[in-house]
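Peer 1: Quick one, fold the following:
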Amino acid sequence: MTKQKITLYYDTNCNLCRRYIEFVRRRDKDSITDFRSIYEKEKESNSHGITSIILDVAGVPYTHSTAIFKHWTLLGGGLKFLGCLGLAIPRFLRDPLYYFIAKNRYAWFGKCDNELCE
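Peer 2: Numbers count the residues shown, from 1 in each chain. Below you'll find the predicted structure:
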C-alpha cells in the first residue's frame, strides 16, 4: 500500500515546533511528510491567521490539535494509536490546551530569529 504524501506547515521560528519536527522526522520512516514553513503557506493563500501548524492532506487542511493527531495517525506505528486516541477526544476539550501552549510557546521554549531557522 502506497502512503499518501502530506505537507506539514510549521512555525520555523518556534523552538517547540522545531523540536516537534525533529521528533516526527525520526518516526517518518516512509518519508511521507514534506515539511514547510508556515510563512510560506501564508504567502500562498489565506492560512486563516494560524501561526503554528497546518497539516495538508491531499488539499484538505487540518489545524490545531487535529493537525497533530491526524498526522500521527498517518505516520503509523504506535503514533497511529495515540493519534486515534487524541482524535477521540472532542475538539472543544483538546483545543483549549493546544491554544494555551501555542500562545506561550515563545516564552517557554524561545524563538529562533535568524536565517538558520528555516
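Peer 1: among the helices and strands of the chain, which has the poorest mean pLDDT?
Peer 2: Least confident helix or strand of the chain, by mean pLDDT, DSSP states H and E, is helix 38-44 with a mean of 67.
Peer 1: so is Phe35 in a helix, a strand, or just coil?
Peer 2: strand (DSSP: H, G, I helix; E, B strand; the rest coil).
Peer 1: partners of it in the sheet?
Peer 2: Leu8 (DSSP bridges).
Peer 1: How many residues are close by it?
Peer 2: 13 (other CB atoms under 10 Å). Bear in mind the C-beta positions are built from the backbone N, C-alpha and C, glycine included.
Peer 1: please renumber so the chain begins at 42
Peer 2: From this message on, residue numbering opens at 42, which makes the last subject Phe76.
Peer 1: doesn't Thr53 make contact with it?
Peer 2: No - using CB atoms under 8 Å, Phe76 is not in contact with Thr53, being 9.1 Å away.
Peer 1: Following the chain past the least confident helix or strand of the chain, name the next helix or strand.
Peer 2: For helix 79-85, the following helix or strand on the C-terminal side (DSSP states H and E) is strand 94-98.
Peer 1: which residues does the most centrally placed residue in the chain contact?
Peer 2: Central residue of the chain (CA atoms, centre = their mean): Ile94, 4.3 Å from the mean position. When contacts are counted by CB atoms under 8 Å, 6 or more residues apart in numbering, Ile94 touches 49-52, 58, 79, 104-105, 108-109.
Peer 1: Give me the distance between the strand or helix carrying Phe122 and the centre of its chain.
Peer 2: Here Phe122, judged by DSSP H and E, is contained in helix 118-129. Distance of helix 118-129 from the chain centroid (CA atoms, centre = their mean, to the nearest Å) equals 15 Å.
Peer 1: Could you pull out the buried residues of the helix or strand following it?
Peer 2: Downstream of helix 118-129, the first helix or strand assigned by DSSP H and E is helix 132-150. For helix 132-150, burial by neighbour count (16 or more other CB atoms under 10 Å) applies to 135-136, 139, 143, 146.
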